[in-house]
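Novice: Give the three-dimensional model of this entry:
(one chain, ligands or ions: 2)
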Amino acid sequence: MLENHHLSIDRLRKQPINSLISQEELEKKLPISDAIASQVISGRRRIERILEGRDPRLLVIIGPCSIHDSNAAIEYATRMKTLSEQYQNQLEIVMRTYFEKPRTAAGWKGMISDPLLDGSSQVNLGIEMARKVLLDINRLGLPTATEFLDIIMGQYIADLISWGAIGARTTESQIHRQMASALSCPIGFKNGTDGNIDIAIDAVRVASASHIFVSPNKKGEMTIYQTLGNPYGHVVMRGGKKPNYSAKDIALACHKLRDFHLPEHVVVDLSHGNCQKRYRHQLSVSHSMAEQIRSGSKAILGVMIESFLIEGSQQIVPEKPLIYGQSVTDSCLSWSNTEDLLYELSEAVKARF
Ligand SMILES: O=C[C@H](O)[C@H](O)COP(=O)(O)O
Ligand SMILES: C=C(OP(=O)(O)O)C(=O)O
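Specialist: Ligands and ions are numbered 1, 2, ... in the order given. The predicted structure is shown next:
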């Protein structure tokens, strides 16, 4: 009687579906080898050197908006690995491997939440598939980037990530800033969806400090951690109601960073608000980046690009087969546009050595 009464007080709007695999169990199933661990560590170190201003190469975070098909992701990574070797003296290429999608309103929330893309929400399968893709891509020798959206799920893959993002919708969230202060990779904070850069600068400052952060340990036991602070936070300009990639916008952001004695550099996201959701416009934003870099800008430390095997995007329709290699979230650039764009950026970077 008492139990029923209790149920009606705090379990009105949820019911258990399944228990979640622990990080320890998942890592036992899909362990990181010594070779992959040192690949991740060296990828992070190269990115950190760019952030420290000790490497003039351009950080390029590139890949599909989201990963929904492991085979297509591996094919993309294999092709990208060839380009990353070709341009290794100018570009540090890191592949976008986004498994969690923050949605403006509704929509598919990514491989971790719904790996079968049918609303069956098999989270244990999703997290296993995500970890496997990351192991495979890192095994190819390509560093990986992701958005840390859910403060618990990201920890199941964080050991395989060389660059992390806190997205436009969560940069202002205290919990995400605290999580970033604990993460082992460099973290880019997006400006807000309305274009507000100040919240991203605040996030960099907050994440660089130590915090108390409550999260599960590898066994799944809730634990109180003291974080050390992340010295590699930086701002990602992604535009908002209007683009913010012009030299003037970047100079303004640098001016604001200077006021807080922070390094005067940013990553520019060519997609999202900067292309105003017209994916081909990423090419014009890229021309502007190349132009600014050629004229000596040191403020652009990196760029983010949404690209996949096939350009554009497609809807997830029940029973309808998906087009292989095409995005199911934001529209992406084609492979051939991607090749042209990386060539242009690599040539521009030569000019700033
Ligand atoms: O990068 C992806 C999307 O821009 C983000 O997840 C929001 O997508 P939506 O506006 O289609 O929900
Ligand atoms: C969701 C993304 O970006 P933003 O947070 O800038 O909207 C993204 O890069 O996938």
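
Novice: next one: phi and psi at the spatially most central residue of the chain?
Specialist: By C-alpha atoms, centre = their mean, the chain has its centre lying nearest to T146, at 3.0 Å. As for T146, its main-chain torsions (degrees, to the nearest 10) stand at phi -150, psi 160.

Novice: quick one, helices of the stretch 51-200 of the chain?
Specialist: Using DSSP state H, counting those that start in this stretch, the helices of the stretch 51-200 of the chain run over 70-86, 123-140, 174-182, 198-207.

Novice: how about the ones you listed, which one is nearest F308?
Specialist: Nearest to F308 among these is helix 70-86; the distance by C-beta to C-beta comes to 6.4 Å. Placement of C-beta: from N, CA and C, glycine included.

Novice: Show me what that closest one is in contact with.
Specialist: For helix 70-86, contacts defined as C-beta atoms under 8 Å, 6 or more residues apart in numbering pick out 62-64, 67, 91, 93, 95, 97, 129, 132-133, 136-137, 140-142, 308-309, 324-325, 335, 339, 342.

Novice: Make a ChimeraX selection of whichever of those turn out to be buried.
Specialist: In ChimeraX syntax, the buried subset of the contacts of helix 70-86 is picked out as below (16 or more other C-beta atoms under 10 Å):
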select :62,63,64,67,91,93,95,97,129,133,136,137,142,308,309,325,335,342
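
Novice: Next up, identify which helix or strand V303 is on.
Specialist: Assigned by DSSP states H and E, V303 falls within strand 300-306.

Novice: For the stretch 151-300 of the chain, what lies in contact range of ligand 2?
Specialist: Residues of the stretch 151-300 of the chain lying close to ligand 2 (C-beta under 6 Å from any ligand atom) are 167-169, 190, 238, 272.

Novice: top of those residues by neighbour count?
Specialist: Among those, R238 has the most neighbours (other C-beta atoms under 10 Å), with 30 neighbours.

Novice: Flag the shaky bits of this protein, pLDDT-wise.
Specialist: Along the chain, the parts satisfying pLDDT under 70 run over 1-7.

Novice: on that earlier part again, show me what contacts the residue nearest to the centre of the chain?
Specialist: T146 sits next to 96-100, 154, 157, 161, 164-165 when contact means C-beta under 8 Å, 6+ apart.
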